[in-house]
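Student: Next comes the sequence, and after it the predicted model I'd like to discuss.
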Amino acid sequence: MITTPAVRPTTDRPDPTTSTDAAGSRFRALPLAVAAIAFGAYPILRGSGSEIGWTGAALYARGEWLLAHCLGMLGFVFLAWGLSSIDRWASRFAWAGAVLVLPYYGAEAFGLHALGQVALDHHDAAMIATADTFRYNPVAMTVFAAGLLALAACGLRMILLVRGSGSVLSRAGLALAGLCLIGYLPQFFAPIEARIIHGLLLGVGLLILAADLGRSRRTS
């Protein structure tokens, strides 16, 4: 009598698709997590105070000033990238906003940092008045404002997505981050304490979205 060998059960073998999906979910959530950290740290590191004369020169010359604005630029890019996993139109608005605000942020980061260093090195605080030359340039202000309006449109789109979102986490993240993006322009006119709170709230909203994105991808 010929007997066939028993087939060992394979249920204990790891499913390769499970680990692949988990890795993919973490990758899709990573950009939003990076953006959250960047937006939260930006106003804290930026510093505050008078931006006139020696005080302004010292503020601009700080390494934290440069780092803060670089983090801000990084936040906009990773925001747009991360939103591509959630909604096409929100991502498009975010990309448009990033493209339009980055030139202004670059001038603030590198231009004002260099200006502050040169003013301190040459003991000429009057040089700081040059900052207003580009800050209030009509073209620069128009492009920057257009970028902030695009970010506000992104925030509005995120809020509109709340009704169609399935999970509580997703609704909370969309609402909080969306409101903060709508308020990105007004917060520039607020005290530094309010700007720090705004950055932290935006970071929390994006972290919630990142957590929900990773969880939903793994359980889908």
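Tutor: Perfect, I can see it now. As the structure is a computational prediction, the values presented were derived from the model and not from experiment.
Student: I'd say residue 117 and residue 62 touch.
Tutor: No - with contact defined as CB atoms under 8 Å, residue 117 and residue 62 do not form a contacting pair (9.7 Å). All C-beta spots, glycine's among them, are computed from the backbone N, C-alpha and C.
Student: Tell me how many other residues crowd residue 46.
Tutor: 21 (other CB atoms under 10 Å).
Student: Apart from its chain neighbours, what residue comes closest to it?
Tutor: Nearest residue to residue 46 in three dimensions, chain neighbours excluded: residue 68, at 4.0 Å (CB to CB, 6 or more residues apart in numbering).
Student: number of nearby residues for that neighbour?
Tutor: 20.
Student: go on, the one 3 residues further on?
Tutor: The number of residues packed near residue 71 is 23, by other CB under 10 Å.
Student: Repeat that for residue 94.
Tutor: 29.
Student: cool, and residue 82?
Tutor: The number of residues near residue 82, taken as other CB under 10 Å, comes to 25.
Student: Run through the neighbouring helices and strands of the helix or strand harbouring it.
Tutor: Per DSSP states H and E, residue 82 falls inside helix 63-83. Judged by 3 or more CB pairs under 8 Å, 6 or more residues apart in numbering; DSSP states H and E, helix 63-83 is in contact with helix 16-46, helix 88-106, helix 112-121, helix 138-160, helix 192-219.
Student: And the helix or strand that the shortest one is followed by, how far out from the chain middle?
Tutor: This points to helix 112-121. For helix 112-121, the succeeding helix or strand toward the C-terminus, using DSSP H and E, is helix 131-135. The gap between where helix 131-135 is centred and where its chain is centred comes out at 25 Å by CA atoms, centre = their mean, to the nearest Å.
Student: Distance check, the residue nearest to residue 31 when sequence neighbours are not counted against residue 138.
Tutor: Once flanking residues are discounted, residue 31 sits nearest to residue 82: 3.5 Å by CB to CB, 6+ apart. Per CB to CB, to the nearest Å, residue 82 is found 33 Å from residue 138.
Student: and the most centrally placed residue in the chain, what is it in contact with?
Tutor: A centroid search over the chain (CA atoms, centre = their mean) returns residue 75, at 2.8 Å, as the residue closest to the centre. Taking CB atoms under 8 Å, 6 or more residues apart in numbering, we find residue 75 in contact with 34-35, 38-39, 42.
Student: returning to that earlier point: tell me the confidence at the residue nearest to residue 31?
Tutor: Residue 82 carries a pLDDT score of 97 in this model.
Student: What of residue 218?
Tutor: In this prediction, residue 218 has a pLDDT value of 47.
Student: same thing with residue 150?
Tutor: Reading off the model, residue 150 has pLDDT 99.
Student: Nearest spatial neighbour of residue 107, chain-adjacent residues omitted?
Tutor: residue 134 (5.6 Å).
Student: count of residues packed around the one you found?
Tutor: 17.
Student: shouldn't it be in contact with residue 111?
Tutor: Yes - proximity of residue 134 to residue 111 meets the contact threshold set by CB under 8 Å, at 6.9 Å.
Student: what residues are up against residue 57?
Tutor: 115-116, 119-120, 125, 127-128.
Student: export those residues to a markdown table and tack on distance to residue 215, neighbour count and pLDDT?
Tutor: Converted to a markdown table, these look like this (distance: CB to CB, whole Å; neighbours: other CB atoms under 10 Å; pLDDT from 0 to 100):
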| residue | distance to residue 215 | neighbour count | pLDDT |
| --- | --- | --- | --- |
| 115 | 46 | 21 | 95 |
| 116 | 44 | 25 | 95 |
| 119 | 50 | 24 | 95 |
| 120 | 49 | 17 | 95 |
| 125 | 53 | 17 | 88 |
| 127 | 52 | 17 | 89 |
| 128 | 48 | 25 | 91 |
